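1. how would this look folded up:
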Amino acid sequence: MDRIRESTKVPNPYHISEICILLPKDNPDLRGKAGYWGVVSHVGEYSCTLQTWDGDYTVKIEHLKLLELLDEDCQFM
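-> Presented below is the predicted three-dimensional model:
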C-alpha cells in the first residue's frame, strides 16, 4: 500500500483548522475512538494530526473524514 501511495503521489486533501472525524478501521491504536472529531493541527504528506478532547492523534489520511458543516451549524459551536 505504501509503495502504491508513493508512486501515485496523491496529495493530502486536508488543511489546518478543518474539522474531521476519526475512522479507526483496522488501526488498533484508534480502537474505541470511532466518531471522535477534532481540528486538524498539522498536515503531513500522508498524515494529519487531529486535536481532540482527549489528546492529539497523528493518523494516516485514510483514517479521517471531513466533517462538512454549514455556517448555521458553526454558530452553535
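2. Are we agreed that D29 is in a helix?
-> Yes - assignment of D29 by DSSP: H, G, I helix; E, B strand; the rest coil places it within a helix.
3. mind checking which helix or strand the closest residue to L64 other than its chain neighbours is in?
-> Nearest non-adjacent residue to L64, counting by CB to CB, 6 or more residues apart in numbering: C20, 4.5 Å away. Where C-beta positions appear, they are placed from N, C-alpha and C, glycine not excepted. C20 belongs to strand 19-22 when assigned by DSSP states H and E.
4. Pull up the pairing partners for that strand, direction included.
-> Applying DSSP bridges, strand 19-22 is found paired with strand 37-43 (antiparallel), strand 64-66 (antiparallel).
5. Dihedrals phi and psi, the nearest residue to E62 once chain neighbours are set aside?
-> Distances taken as CB to CB, 6+ apart put K25 closest to E62, at 7.1 Å, once the chain neighbours are dropped. With angles defined as degrees, to the nearest 10, K25 sits at phi 50, psi -120.
6. how far away is K25 from Q51?
-> Using CB to CB, to the nearest Å, K25 is found at 20 Å from Q51.
7. Thought K60 was touching L23, still the case?
-> No - in this structure L23 lies outside contact range of K60 using CB atoms under 8 Å: 10.1 Å.
8. And the nearest residue to D54 once chain neighbours are set aside, how far from H63?
-> Nearest non-adjacent residue to D54, counting by CB to CB, 6+ apart: Y36, 7.9 Å away. Distance of Y36 to H63, computed by CB to CB: 11 Å.
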